[in-house]
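Enquirer: Mind looking at a prediction? Sequence and model below.
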Amino acid sequence: MQTDTFWLEDFLPLMRCPDTHQPLRRATAEECVNLGVSVALATQDGSQYFIIDEGIPILLPRVVR
């Protein structure tokens, strides 16, 4: 199920990756297909991706063990 994410356009310029602090952008259609999701966010360099679950970006930092 895809939820509207129109509100993201207002907040995207403020959002940052919790690990690298890079600005986030919408993932391309190809990146979403590779991730197996319909919508996601990506870091500017494409090194990290964050899924959007029911309209909510899941911006959790990586856990290092």
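Expert: Nice, I can see it.

Enquirer: Confirm that Val33 lies within a helix, as I assumed.
Expert: Yes: assignment of Val33 by DSSP: H, G, I helix; E, B strand; the rest coil places it within a helix.

Enquirer: State the number of residues packed around it.
Expert: 11 (other CB atoms under 10 Å). To be clear about C-beta, it is placed using only N, CA and C from the backbone, and glycine gets the same treatment.

Enquirer: got it, and Ile58?
Expert: Using other CB under 10 Å, Ile58 is surrounded by 10 other residues.

Enquirer: Same question for Leu60.
Expert: Neighbour number of Leu60 under other CB under 10 Å is 9.

Enquirer: so it makes contact with Pro18?
Expert: Yes: using CB atoms under 8 Å, Leu60 makes contact with Pro18 at a distance of 6.8 Å.

Enquirer: Mind listing the shared neighbours of these two?
Expert: With CB atoms under 8 Å, 6 or more residues apart in numbering applied, the contact sets of Leu60 and Pro18 do not overlap.

Enquirer: mind checking the backbone torsions on the spatially most central residue of the chain?
Expert: Centre of the chain computed as the mean C-alpha position; nearest residue by CA atoms, centre = their mean is Leu41, 1.8 Å away. With angles defined as degrees, to the nearest 10, Leu41 sits at phi -110, psi 150.

Enquirer: Repeat that for the one 5 residues further on.
Expert: Comment: the main-chain dihedrals of Gly46 come out as phi 70, psi 20, following degrees, to the nearest 10.

Enquirer: do the same with Glu30
Expert: Torsion angles, degrees, to the nearest 10, at Glu30: phi -60, psi -40.

Enquirer: Give me the neighbour count for it.
Expert: Neighbour count for Glu30, taken as other CB under 10 Å: 8.

Enquirer: and if you look at Ile52?
Expert: 21.

Enquirer: which ones are touching Pro18?
Expert: Leu59, Leu60, Pro61.

Enquirer: All good on my end, thank you.
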